[in-house]
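Engineer: Below is the sequence, then the predicted model.
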Amino acid sequence: MKSFLSIKDLSVQEIYSILDLAEQLDRHPRPEILSGKIIGSLFFEPSTRTRLSFISAAYRVGAKVIGFDSPDASSIKKGESLRDTIKMVEAYTDAIVMRHSIEGAAKFAAEISRVPILNAGDGANEHPSQTLLDVYTIKKQLGTLENLKVAFVGDMKYGRTVHSLVKALSNFRCSFYFVAPEIIQLPSYLVRELKERGIPYQLLQNYEEILPQIDVLYMTRIQRERFENQEDFQRVSGIYKISKDKILGKCKEEMIILHPLPRVDEIAIDLDDTKHALYFQQAANGIPVRSALFAVALGAKKLDIPEQAEKNRVDSFEKSRCRNMMCVTNYEETDNKVIRTSYGDYCYYCGKEIQL
Ligand code: CP
């Protein structure tokens with residue numbers, strides 16, 4: 001049984017194997033493979049696509065689903081901890097899908113739980129199942145994940161879908177453009193990682209100049225709910241808006257526009273019926289991809305992967321806790337764990353840089 005917590009936990013071969021399995025399940029649904037299994041669906045943050053597509057995906061492979069779609073409908077409202085919530089739900093289910101506002105919450109839950117945890121988004125950190133459906137969509141449409149030029153536009157700082165997709169595509173010789181106002185540009189720990197790995201990237205404030213070169217335009221919403229200061233949000237809200245007149249004839253014929261959705265005003269409706277607009281298909285691809293994740297998590301399908309390369313070292317540390325105030329280490333009783341890499345130390349839970 002396997003948890004899915006970060007896209008970084010998957011090797012390139014594992015990503016390809018999950019995409020292959022998703023393709024098979026897309027062509028031939030297999031309602032018998034998880035018959036008798038029960039999935040816990042715990043959403044501490046709002047969701048339309050992720051929650052409903054995980055539920056639909058579970059039904060399509062024969063599993064049943066229990067859970068809640070808001071912490072207000074659970075005993076969290078009475079003060080129960082995440083630790084105790086997971087201890088209870090693991091007793092009722094065979095796997096748990098969880099979305100939480102705290103970074104590293106999924107990794108923490110996986111330490112507590114004896115059943116696999118599937119991270120459905122942990123604050124501004126990661127959204128790995130979204131990334132798998134993003135790469136499924138890219139591969140299906142463009143035929144490859146290799147050597148693509150990908151522009152991310154909007155919220156680079158809090159955009160967990162951006163963080164996870166960059167980590168995934170970093171394995172496929174892609175080059176990146178990050179288009180955002182300075183206050184919501186890509187976090188320094190990700191910039192540092194790209195630099196250290198020699199992956200080509202540019203931090204920009206406008207997309208117009210690079211539009212003719214790119215293969216994937218990944219739009220994102222500027223997320224009001226993640227800003228500590230609403231004045232900062234007002235300064236950047238509505239800054240990027242694409243529409244037919246800004247895109248058609250100015251990009252490659254085969255360029256695709258993706259968006260994890262929901263959108264607010266960053267993609268005009270007039271683009272929806274163009275050949276570039278893939279965002280609704282992208283969201284629909286959540287069904288086969290999440291069905292495949294359930295099948296692997298619950299052992300109904302093996303990935304048949306050779307031994308993985310050595311992972312980074314995980315150590316304990318005593319001196320201080322993670323300084324990211326949104327990290328789970330500041331909310332739950334956790335170990336102090338650090339991931340050591342050749343280019344720095346990172347919190348085991350939220351992945352942010354740590355100074356010991
Ligand atoms: N893409 C995504 O995570 O959408 P929801 O917030 O609706 O689940």
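Structural biologist: Perfect, I can see it now.
Engineer: Show the end-to-end separation of stretch 55-72, please.
Structural biologist: With C-alpha to C-alpha, to the nearest Å applied, stretch 55-72 spans 20 Å between its terminal residues.
Engineer: Just confirm yes or no for it near the ligand.
Structural biologist: No: contact of stretch 55-72 with the ligand is not found when judged by C-beta under 6 Å from any ligand atom; the minimum separation is 10.8 Å. The way it works is simple: take the backbone N, C-alpha and C, and place the C-beta from them, glycine included.
Engineer: so how many other residues sit close to R51?
Structural biologist: 21 (other C-beta atoms under 10 Å).
Engineer: For T329, give its distance to the ligand.
Structural biologist: Between T329 and the ligand the computed distance is 24 Å (C-beta to the nearest ligand atom, to the nearest Å).
Engineer: what's the answer for S101, then?
Structural biologist: Counting by C-beta to the nearest ligand atom, the gap from S101 to the ligand is 12 Å.
Engineer: shouldn't that residue be in contact with E45?
Structural biologist: Yes: S101 lies in contact with E45 (C-beta atoms under 8 Å); the separation is 5.1 Å.
Engineer: Pick out whichever of these two has more residues nearby.
Structural biologist: Using other C-beta under 10 Å as the criterion, S101 and E45 rank with E45 on top: 19 against 16.
Engineer: list the contacts for the more buried one?
Structural biologist: Shown in contact with E45 (C-beta atoms under 8 Å, 6 or more residues apart in numbering): R99, H100, S101, G121.
Engineer: wait, what's in contact with the closest residue to N285 other than its chain neighbours?
Structural biologist: Leaving out its chain neighbours, the residue that sits closest to N285 by C-beta to C-beta, 6 or more residues apart in numbering is L133, at 4.6 Å. Going by C-beta under 8 Å, 6+ apart, L133 touches Q282, A283, N285, G286, V289, R290.
Engineer: Now a PyMOL select for only the buried ones of those residues.
Structural biologist: Buried residues within these, by 16 or more other C-beta atoms under 10 Å, are selected in PyMOL with:
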select buried, resi 282+283+285+286+289+290
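Engineer: Relative to the ligand, which of the contacts of L133 is nearest.
Structural biologist: Closest approach to the ligand among the contacts of L133 (C-beta to the nearest ligand atom): A283, at 6.9 Å.
Engineer: which element is that closest one on?
Structural biologist: Here A283, judged by DSSP states H and E, is contained in helix 279-284.
Engineer: So which other helices or strands are in contact with that helix?
Structural biologist: With contacts defined as 3 or more C-beta pairs under 8 Å, 6 or more residues apart in numbering; DSSP states H and E, helix 279-284 has these neighbours: helix 128-142, strand 256-258.
Engineer: Could you report the pLDDT at the closest residue to the ligand within the stretch 101-250 of the chain?
Structural biologist: Residue nearest to the ligand within the stretch 101-250 of the chain: Q130 (5.4 Å; C-beta to the nearest ligand atom). pLDDT, Q130: 98.
Engineer: Report whether the expected contact of I242 with I269 is present.
Structural biologist: No: I242 lies out of contact with I269 (C-beta under 8 Å); the separation is 11.4 Å.
Engineer: These two: which has the busier surroundings?
Structural biologist: A side-by-side neighbour count of I242 and I269, using other C-beta under 10 Å, places I242 first with 20 against 10.
Engineer: ok, and the closest non-adjacent residue to the more buried one?
Structural biologist: Once flanking residues are discounted, I242 sits nearest to I267: 5.7 Å by C-beta to C-beta, 6+ apart.
Engineer: Do I have it right that that neighbour meets K244?
Structural biologist: No: counting by C-beta under 8 Å, I267 sits too far from K244 to count as a contact (10.5 Å).
Engineer: who has more neighbours, these two?
Structural biologist: Set I267 next to K244 and count neighbours by other C-beta under 10 Å: I267 wins out with 23 against 15.
Engineer: and that one, how far is that from the ligand?
Structural biologist: Taken as C-beta to the nearest ligand atom, the span from I267 to the ligand is 14 Å.
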